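Engineer: fold the following and give me the result.
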Amino acid sequence: MAESTIFQKIIDREIPAKIVYEDDRCLAFEDIHPQAPIHLIVIPKRAIASIDDLDEADEPLAGHLLFAMRKIAAELGIVDGYRVVTNCGRSAGQEVMHLHFHMLAGRRFGWPPG
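Structural biologist: Residues are numbered from 1 along each chain as shown. Here you go, the predicted model:
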């Protein structure tokens, strides 16, 4: 990824964000346009455009992101459940070309999601 995304700028601390979790491989911060009482963005610190850009060497990182979300939920006391969403490509609604997961909680969610 040649161009620095807004998420990379958050990782690099070039722009502010309300960070709720960080480790050596990922970062989680509050979404600036929340769709639920709790709406976090969880990203890898390494620039990967989307799920389609993962390769076999990224399998441990992908699993780490899921376990980080589990840890975040526990730390925030989310006991009623949460939804994890990712969009892959512009047609699916991906606006920032840096792999990210939306972690939403604090309200009831319907199905299908939209």
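Engineer: continuing past the longest helix belonging to the chain, what's the next helix or strand?
Structural biologist: Criterion DSSP state H: the longest helix present in the chain is helix 59-76. Following helix 59-76 in sequence order, the next helix or strand is strand 82-85 (DSSP states H and E).
Engineer: for that following strand, packing partners?
Structural biologist: Helices and strands touching strand 82-85, by 3 or more Cβ pairs under 8 Å, 6 or more residues apart in numbering; DSSP states H and E, are helix 59-76, strand 101-105. In short, each C-beta sits where N, CA and C put it, glycine included.
Engineer: for residue 32, find the nearest of the ones you listed.
Structural biologist: With Cβ to Cβ as the criterion, residue 32 lies closest to strand 101-105 of these, at 12.2 Å.
Engineer: just grab the bridge partners of the residue positioned nearest the centre of the chain for me.
Structural biologist: Taking Cα atoms, centre = their mean, the centroid of the chain lies closest to residue 42, which sits 2.4 Å from it. Beta-bridge partners recorded for residue 42 (DSSP bridges): residue 28, residue 101.
Engineer: begin at 467 from here
Structural biologist: Sure thing, new numbering starts at 467, so read that last one as residue 508.
Engineer: can you tell me how far it sits from residue 571?
Structural biologist: Look at residue 508 and residue 571: by Cβ to Cβ, to the nearest Å, they are 12 Å apart.
Engineer: do residue 525 as well
Structural biologist: Applying Cβ to Cβ to residue 525 and residue 571 gives a distance of 26 Å.
Engineer: and the angle for the longest helix of the chain with strand 567-571?
Structural biologist: Between the axes of helix 525-542 and strand 567-571, defined by axes from the mean of the first three to the mean of the last three Cα atoms, to 10 degrees, the angle is 20 degrees.
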